[in-house]
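Trainee: sequence and predicted structure, then a few things I'm wondering about:
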Amino acid sequence: MSKGMSFVKGMGAGMAVGVMASLAGTMVYNNNKKSFKKTANKAVKAMGTLVDNIQYIMK
């Protein structure tokens, strides 16, 4: 029973952090849309490169 409760607490904490990150991201996006889009594009490209590298290593 303890493991189940730990999982539920972890899920609740993760959802709370996700909501807070979403609110913060929305506030930043509304203040500076052009810069935010540019930074987000760079982050997406970096994550794509990271995934490609991991896939290459796994082969």
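Mentor: Sure thing, it's come through. Residues are numbered from 1 along each chain as shown.

Trainee: what stretches of this structure score poorly on pLDDT?
Mentor: Low-confidence segments of the chain, defined by pLDDT under 70: 1-4.

Trainee: what about Ile54, how many residues nearby?
Mentor: 9 (other CB atoms under 10 Å). Where you see a C-beta, it was placed from the backbone N, CA and C, and this is true even at glycine.

Trainee: can you check the one 5 residues further on too?
Mentor: Number of residues near Lys59 (other CB under 10 Å) recorded here: 4.

Trainee: for Ser22, see how far away Tyr29 is.
Mentor: From Tyr29 over to Ser22 the distance is 10 Å, taken as CB to CB, to the nearest Å.

Trainee: more crowded one of those two?
Mentor: Ranked by neighbour count (other CB under 10 Å), Tyr29 and Ser22 place Tyr29 first, with 13 against 10.

Trainee: who touches the more buried one in this structure?
Mentor: Tyr29 makes contacts with Phe36, as judged by CB atoms under 8 Å, 6 or more residues apart in numbering.

Trainee: joint contacts of Tyr29 and Ser22?
Mentor: With contacts defined as CB under 8 Å, 6+ apart, no residue is shared by Tyr29 and Ser22.

Trainee: centre of the chain to stretch 46-59, how far?
Mentor: Put simply, stretch 46-59 sits 17 Å off its chain's centre (CA atoms, centre = their mean, to the nearest Å).

Trainee: swap in stretch 17-32?
Mentor: For stretch 17-32, the distance to the chain centre is 12 Å (CA atoms, centre = their mean).

Trainee: which of the residues in that stretch are buried?
Mentor: Residues of stretch 17-32 include none that count as buried (16 or more other CB atoms under 10 Å).

Trainee: please consider this matter closed, and thank you.
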